[in-house]
Every structure is written in structure tokens, then in C-alpha cells.
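Asker: test case, fold it:
(chains A and B)
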Amino acid sequence: MSEKKTKRRDFLFTATTAVGAVGAAAVVWPMIDQMNPDASVKALASTEVDISSVTPGNTITVLWRGKPVFIRRRTQEEINEARSVKMEDLIHPEKDEDRAKNPEWLVMLGVCTHLGCVPLNDKGDYNGWFCPCHGSHYDTSGRIRKGPAPWNMEIPKYEFVNANTIKIG
Amino acid sequence: MSEHNYTPKSKVGQWFNDRLPLLTLANHLTDYPTPKNLNYWWTFGGILTFCLITQIVTGLTLAMHYIAHADMAFESVEHIMRDVNYGWLIRYIHANGASMFFLAVYIHIFRSLFYGSYKSPREIIWILGIIIYLLMMAAAFMGYVLPWGQMSFWGATVITNLFSAIPLVGEGIVTWLWGGYSVDNPTLTRFFTLHYLIPFLILGLVVLHIWALHVPGNNNPIGIDIKKPSKDTVPFHPYIVIKDGFALLMFMIVFAFFVFYSPNILGHADNYIEANPMVTPAHIVPEWYLLPFYAILRSVPDKLLGVVAMLSAILILAVLPWLDTSKIRSAVFRPLYRQFYWILVADVLILGYVGAMPAEGLYLLIARVATAYYFLHFLVILPVLGFKEKTIPIPLSITEPVLGGNPNLAMVKQKESKIE
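Answerer: Numbers count the residues shown, from 1 in each chain, chains lettered A, B, ... in the order given. Take a look at the predicted model:
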């Protein structure tokens, strides 16, 4: 047997394996991707909420993409409290000005960033929210202050369609 | 192995066996030489096989009536309980059967820990067992989601969110697992599919587990290698079959007690409230068999490290054959290991207890100490013990201590033949 023939066969083995692997990956990907959110789930991406009935100091909870969204009309006291906090006291430093463009309205996902439970309103050591599952405390801006949660509660994309309507998503 | 030379008596049997040696297999299983000193802790392999078959049969029948849809799942389970003939019985057997399955598997695992059954040459049997155990946990978790009650929904939310602790790709993985932006109908349907699939994967692994067992043969209470077949063994049938059968009957009494007298005691009342994504129950607890690991998760204040600790607590078992450096298998001949073994049993029970309690104050402190000890046992105590411990001399055969304890095997043989 000559050297040349062995090399030719090695090349064929490698090439066949490579083509086979690419083919297998191409078949496997649709099987994996089918589990990602489908078109109908994505189509529910935005929701409009009437907020005319919410009085200061109250929160309404609406469902958006299967998750609760807290819409809180904050009192002046709560706004002052949220805006006077020093950045170095925060676990996940974010300015309240960046979290609530319109200071009276705080719109955020009502989902604890620890393991996804729904925190309770007007509870906890910082007058904001408290998660009963594993004990995370959030302040009046929904920022994590104490407990196992790593981040502040998430602010979704939203806009005021008019003075009484918020569009989330 | 003499049974491989087996020839069926009948002509038809021979004809068939030459083409598919099923009768050789059956003969191997009945004649299989088993240590004659196996005690009742060894009957849980058979009991676990029974549990698996029970779960598969009751699961199949429940699937004929269950509807895997977020709007109908809860109602269809109530329909099974109220309308379907004997639906209540089949569902209670299935739900309590999961608990019985874990009860048996924990006894089976701790038997292996006591008698050193995981040691060479049985490492592959042990690792297959750990994989089966992991699959059991996955199946149990997904099965608990199917009734779509409050505990189903929030248990699913919390457990799937564990993956969000993975840096960078975590959130993407969670969305992929959910098939949406929260636990919802796509999550339910895929969990149903996987819950249906996993028991059959377990069945396949059980065949490998038994196959791997039949290569070296059973370990035994004194943990020594024995000659097979010999004076130290009895054929599997009828000796072990009868013993396993009796133990299974006793086990079924306990099983039936739960099914008929307290079918909901092991469940959580909140799961009779339909899933509500807007309200989290005040106190989320997993099923009892997952509590020790839940306690480990909560004892670590950091999200990612908590998840890592919980997974490590399970996966550390897979490398146990190499962490335990002692050559002596059975704890009967390891006076120090025997004590540490019972401390570990207590440690796991304590973890289970604090896992069911709120993670605060004294409970949290206890959980942290117990978690630290759990890892200490496997990572420090076991490796060191193998070198430091003064073990008791092991007998040369199972028969030897009975016949007078001569350490010389040839002498024992001679003695035995004289007695005969």
C-alpha cells in the first residue's frame, strides 16, 4: 500500500464526518428552535391599559406576556424617598429618574429577579415590595435593597398613549 | 458462567433458542447466583421495579383522561377525581406512588452507602443509578406541574428560573424552556410530553443497571468478593424471589395506607387552587423528597452559587466511588465510617426538615451548618477516613464465620468437606 492512498482515505473520512456533522446540526436546530416562543406568543407583545381610575398611593396589576406588571401611582412622599437614595447604598445602582420618566407613575414587571415570584405591595423594610418566597425587599422605585435577588425589578418598554392610557410593550 | 451453556429441554424450545436466546436469558435470571446473606435492605431493587411499573401503568391510564392545556388541565384532573370510574384511585396511586418511589430509592441509595456497594467493581452500576435518580427528579417535578394548581405553576416558575442564574445565556435558556415569557400553555404541553417520555428512559436505564449488576454480581452485607456459584450463593429463584416478594407485600401495605387513608398528606393544599400567574402562594415548598436540596439552595445567599451548591450536592454522588478511599466495602468492618454514616443520615433528615421551614433566623443557620457538613462528609471525611481508619479484619467467605473463623480459605474448604 502506498502512502498516498492512506492519505486519500483519511481525507474522505474527515470530509464525510464534517458534512455529516453539518447535516446533523442543520436537522437538530429546527428541533431546538421549535421550543422558543412561537409567532402567536410574540404577537401578544403589547397591551394597552386604562389608568384613569388609579389614585395616588395605589397599584394596579395587569397581565402582559403572561407576567404581572405593576402600575403604581406614587405619592410625593414615595417619589422623594426613591430619589433621595444614595447610589452607593444600592445593590443594583439605578437612578429613580431613569426608572420612572414620569415620576408619578412607576411601571415595572411584578416579578422578583431571584426566582420569579410575585412580590407583595406596600410591604418590606423599604416601603416598596417584599417577595414572600425567599425574602427580597424592594424600595419605592422597585430597586432591590435586601435579600437574595440580584437585580432591580425590570422596567418594560412602555409609553403614554395619552394622559389616561399606557401601552406596554 | 455455566448457565450460558443452557439447552432447552423441548425441541421447540431449542429451535427457538437457537434463533433468539430468550430462554438462555430466562435461565440466567432464575439461576443467577446470589449471596446467601442478603438482608431485607437488598429487597428495594425489586420494590423499585414495582414502583416504576406502577407509575407507568397508572400514568398511561391517567393520560387517557388528562388534557394538557392551560385552560383545561386543572378541570380535567378534577374530572378524573369525580367522574372517571376509579379515577380517584388511579390518580391517588400515581401521586402517592411518586412518593413511595422516592422513599424506596432513598433506602436503596443509603443501603448502598452503608455496605459500600458503589465501590469497585460496581462504579458503573452506581453511576447509572445516579442518572436514574436525576431522571426521577425531573419526571417528578414535571409531573407535579401537570395538575396546573398554584404549587404546580409557582414550583415550575421557581425551578425553571434556577437556569436564569447562568451568566449571559441564562435568560435565553429560561425563555426557551418556557416557550414564552412566562410559564404558560407551551410550558405545560412540553412538560407533559417529557413527563411521558422519561419513565421509558428510566426503564431502559434500569435494564442497563441490572445488566451491569449481573457482571460482578450482588454486593452483600459483609462486602467481600465471593465465588459464584459456591457455598456462599443461592439461586435467585426461588430464594430471592420469595424474599423480594414478601418485602414487596410489606411495602404495599405502607403504600396502600397512604392511598386509602391519607392520600393528600404528602401533597400541598394550595395545589387544589387553580394556577394564577398574578398571585404567588405565601409559602412555596417542593415535594418532601426534594426538600434537602431545596434547603441547600436557600442556605447560600448568592443566586448563582446557591444553584451551583444544589446541583453539586447531587452530582458529588456520581464521583463517590473515587472520593471514598477505603478498600473495605461494608460499614460492618469500618467502626468510624459507621458513625459518620449515621451522622450523614441525620444531616440529610435535618436538611429535609429545614427545607420545609421558612428560610430565616435559626432555620437558616441550621441549614447552613447542615449544608457545610454535607459537603464536608464527601469531600474531607470520606477521603481521609480511608487512610486513617483502623478496620476490623474481614472474613474470607460468608460461610467462614459460621464454621469457626479460620482465616485460611483452603482450611475452611477442608473443614466444610469434612462436615459433609
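Asker: quick one: contacts for B:G155?
Answerer: Taking C-beta atoms under 8 Å, 6 or more residues apart in numbering or on different chains as the contact definition, B:G155 lies against B:F141, B:Y144, B:V145, B:I284, B:P286. Using the backbone N, CA and C atoms, a C-beta is placed for each residue, glycine as well.
Asker: indicate the residue of chain A located nearest to chain B.
Answerer: Nearest to chain B, among the residues of chain A, is A:G66, at 3.4 Å (C-beta to the nearest C-beta).
Asker: give me the neighbour count for the closest residue to that residue other than its chain neighbours.
Answerer: Spatially, and ignoring its direct neighbours in sequence, A:G66 is nearest to B:S182 (3.4 Å; C-beta to C-beta, 6 or more residues apart in numbering or on different chains). Neighbour count for B:S182, taken as other C-beta atoms under 10 Å in any protein chain shown: 23.
Asker: name the nearest residue to B:H195, sequence neighbours excluded.
Answerer: B:M142 (4.2 Å).
Asker: report the buried residues of whatever helix or strand the one you found lives in.
Answerer: Element membership for B:M142 (DSSP states H and E) is helix B:123-145. Neighbour-count burial for helix B:123-145 flags B:123-133, B:135-145 (criterion: 16 or more other C-beta atoms under 10 Å in any protein chain shown).
Asker: how far is that helix from where the chain is centred?
Answerer: Distance, stretch centre to chain centre, for helix B:123-145: 7 Å (C-alpha atoms, centre = their mean, to the nearest Å).
Asker: helices or strands up against it?
Answerer: Secondary-structure packing of helix B:123-145 (3 or more C-beta pairs under 8 Å, 6 or more residues apart in numbering or on different chains; DSSP states H and E): helix B:87-115, helix B:150-161, helix B:185-214, helix B:303-315, helix B:320-323.
Asker: where does pLDDT dip in chain A?
Answerer: Confidence mapping of chain A against pLDDT under 70 gives the ranges A:1-5.
Asker: strands of that one, start to end?
Answerer: Taking DSSP state E as the test, the strands found in chain A are A:47-50, A:58-64, A:67-73, A:105-109, A:120-121, A:129-131, A:136-138, A:144-146, A:158-162, A:165-168.
Asker: sheet-wise, list the partners of the fourth one with their directions.
Answerer: Applying DSSP bridges, strand A:105-109 is found paired with strand A:67-73 (antiparallel).
Asker: how much space separates the residue of the stretch 251-400 of chain B found nearest chain A from B:T157?
Answerer: Chain A sits closest to B:T280 of the stretch 251-400 of chain B, with a gap of 4.2 Å, by C-beta to the nearest C-beta. Here B:T280 is placed at a distance of 8 Å from B:T157 (C-beta to C-beta, to the nearest Å).
Asker: returning to what we had before: surely the residue nearest to A:G66 is in a strand?
Answerer: No. Counting by DSSP: H, G, I helix; E, B strand; the rest coil, B:S182 is not found in a strand; it is coil.
Asker: residues touching it, list them.
Answerer: A:R65, A:G66, A:K67, B:T157, B:P277.
Asker: so the nearest residue to the fourth one once chain neighbours are set aside versus A:E154, what's the distance?
Answerer: I take that to be B:T157. Spatial nearest neighbour of B:T157, excluding adjacent residues (C-beta to C-beta, 6+ apart): A:G116 at 4.5 Å. A:G116 sits 11 Å away from A:E154, going by C-beta to C-beta.
Asker: could I get the phi/psi values of the residue nearest to A:G66?
Answerer: phi -160, psi 170 (degrees, to the nearest 10).
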